[in-house]
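>>> take a look and give me a structure for this.
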Amino acid sequence: MITIAVDCMGGDHGPRVTLPACAHFLEQHADVRLIVVGLPDSMAGFKHARATVVLASEVVTMDDPLEAALRRKKDSSMRVAIAQIKDGKAQAVVSAGNTAALMAISRYLLKTLDGIDRPAIAAQIPNAKGHGTTVLDMGANVDCSAEHLLQFAVMGSALVSVLSGEQNPTVGLLNIGEEAIKGNEVIKKAGELLRTASKAGDLNFYGNVEGNDIFKGTTDIVVCDGFVGNVALKASEGLAKMIVDFLKKEFSNNILTKLSAIVAYPVISALKKRMDHRRYNGGALLGLRGLVFKSHGSADELAFGYALSRAYDAARNNLLERVQARIAHAAPLLTPVATALPNEAALQG
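Next up, the predicted model:
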């Protein structure tokens, strides 16, 4: 049995979305147990033979600063859910809550893996090939060294090999051009490290890629710093919504366009499904001593269900052990750079 802890209070909709998604997920998977965490009033009435309700007295809001999330709200639903992994009661956790708080609490409670300095958020962006390009980092690390980008590539390779079955996924380094001489000094050094790692068999480095390659699906994985990755994610979400809204508007103008919509419905439906970001919901926080998955804050029931599925697949396929194995193999090249969360020492009390 796979056990997943769920922070049911996180996100824009909280229990109105998370609890129905959990109930549906349990009906779909007979080999899953859920530990659902939330406030007493919100969890009242939720029952399932394979679900355990754990109560919390506080909630980390989307506006809470890190100090409040880490130091003041020690009984928040987010922290209690993550603690289930630390205590050995769950193999993975899913939350739609405050991303910065989720990363900070997870790092504080679970710690990072040996050889990994900074955890990274890995998520998928829909591409033209009908699946998703895994991009990391998606916002956890705004400034990255070349060594950090190499660490991201190693962890991303393990993630994609688990979730897609591709044992040797290709890795692209996001740059302003394909040529090795392009980019700033960090990117150039990262390219050198990735080429060395590729020759050593630690990963399958394709080379430099540009922004449009994410949507083409040129490589299975694209590595970049968190600032660029988050911008790319939000831009792709906005583009997808714009296209879908445009099609709805154009095909509802008059009787002729409505008739055209009927004829073109199978194509429109396929396009809408391919671009539906809900199908790619559930970013993995890689580099931690536990499996933590971040759902989009605005996720509906369908999207949150996909986040649960990603956590389930990761636990079932031993993602943590496979990440550790890849890190161990690449250890000679992985040079941790000492960093800490803002005011981390002061917050540990």
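
>>> phi, psi of A83?
Note on A83: backbone dihedrals following degrees, to the nearest 10 are phi -60, psi -20.

>>> could you do F205 as well?
The phi and psi values for F205, taken as degrees, to the nearest 10, are phi -80, psi 120.

>>> same thing with H48?
For H48, the backbone dihedrals (degrees, to the nearest 10) come out as phi -160, psi 150.

>>> so for it, what's the nearest residue that isn't a sequence neighbour?
L26 (5.4 Å; Cβ to Cβ, 6 or more residues apart in numbering). C-beta coordinates here come from the backbone N, C-alpha and C atoms, glycine included.

>>> the residue nearest to G97 when sequence neighbours are not counted and F227, how far apart?
Using Cβ to Cβ, 6+ apart and skipping the chain neighbours, the partner closest in space to G97 is G10 (2.8 Å). Using Cβ to Cβ, to the nearest Å, G10 is found at 24 Å from F227.

>>> check H277 too.
Here H277 is placed at a distance of 20 Å from F227 (Cβ to Cβ).

>>> and the most centrally placed residue in the chain, what does it touch?
Central residue of the chain (Cα atoms, centre = their mean): G283, 0.9 Å from the mean position. Listed by Cβ atoms under 8 Å, 6 or more residues apart in numbering, the contact partners of G283 are I121, A122, A123, M138, F293, K294.

>>> and the pLDDT for A235?
A235 is assigned 83 on the pLDDT scale.

>>> host element of it?
Assigned by DSSP states H and E, A235 belongs to helix 226-250.

>>> show me where the stretch 151-300 of the chain has its strands.
170-174, 204-209, 221-223, 283-286, 291-294 (DSSP state E, counting those that start in this stretch).

>>> what mean pLDDT does the first one have?
Averaging pLDDT along strand 170-174 yields 97.

>>> so what secondary structure elements neighbour it?
helix 146-164, helix 185-199, strand 204-209, helix 211-216, strand 221-223 (3 or more Cβ pairs under 8 Å, 6 or more residues apart in numbering; DSSP states H and E).

>>> same thing with the third one?
Identification of packing neighbours for strand 221-223 by 3+ Cβ pairs under 8 Å, 6+ apart yields strand 132-136, helix 146-164, strand 170-174.

>>> which one of G10 and F227 is surrounded by more residues?
G10 (34 against 14; other Cβ atoms under 10 Å).

>>> okay, that one and R279: tell me how far apart.
Separation of G10 from R279 (Cβ to Cβ): 20 Å.

>>> name the nearest residue to the residue nearest to the centre of the chain, sequence neighbours excluded.
A123 (3.6 Å).

>>> ok, D300 next?
V17 (6.0 Å).

>>> hmm, F304 and the one you found touching each other?
Yes. Between V17 and F304 there is a contact under Cβ atoms under 8 Å: 5.6 Å.

>>> between the two, what contacts are shared?
Common neighbours of V17 and F304 (Cβ under 8 Å, 6+ apart) are G11, A96.

>>> between those two, which one's more packed in?
The neighbour count for V17 versus F304, taken as other Cβ under 10 Å, is higher for F304 (30 against 23).

>>> quick one: that one and R16 touch, right?
No. Using Cβ under 8 Å, F304 makes no contact with R16, being 10.6 Å away.

>>> pLDDT at the closest residue to T112 other than its chain neighbours, what is it?
In this structure, T112 finds its nearest non-sequential neighbour in G287, 5.3 Å apart by Cβ to Cβ, 6+ apart. As summarised for this prediction, G287 has a pLDDT of 93.

>>> who's in contact with G287?
G287 sits next to T112, L113, I116, R118, P119, A120, Q151, M155, V323 when contact means Cβ under 8 Å, 6+ apart.

>>> cutoff 10 Å now
By Cβ atoms under 10 Å, 6 or more residues apart in numbering, the contact set of G287 is 106-107, 110-113, 115-122, 136-137, 140, 148, 151-152, 154-155, 323, 327.

>>> now, which of the residues you listed lie within strands?
Among the contacts of G287, DSSP state E puts A120, I121, A122, L136 in strands.

>>> looking at the residues you listed, state which has the most neighbours.
Of the ones in strands among the contacts of G287, with other Cβ under 10 Å as the count, A120 tops at 31 neighbours.

>>> isn't T52 right up against I4?
No. Counting by Cβ atoms under 10 Å, T52 does not reach I4; the two are 11.1 Å apart.

>>> tell me which of the two has more neighbours.
Neighbour comparison, T52 and I4: the larger count goes to I4, with 27 against 15 (by other Cβ under 10 Å).

>>> checking the more buried one next. Helix, strand or coil?
Under DSSP: H, G, I helix; E, B strand; the rest coil, I4 falls in the strand class.

>>> repeat that for V142.
Classified using three-state DSSP, V142 is coil.

>>> that one: how many residues sit nearby?
V142 - counted by other Cβ under 10 Å - has 12 other residues nearby.

>>> how close does it sit to P65?
V142 sits at a distance of 17 Å from P65 (criterion: Cβ to Cβ).
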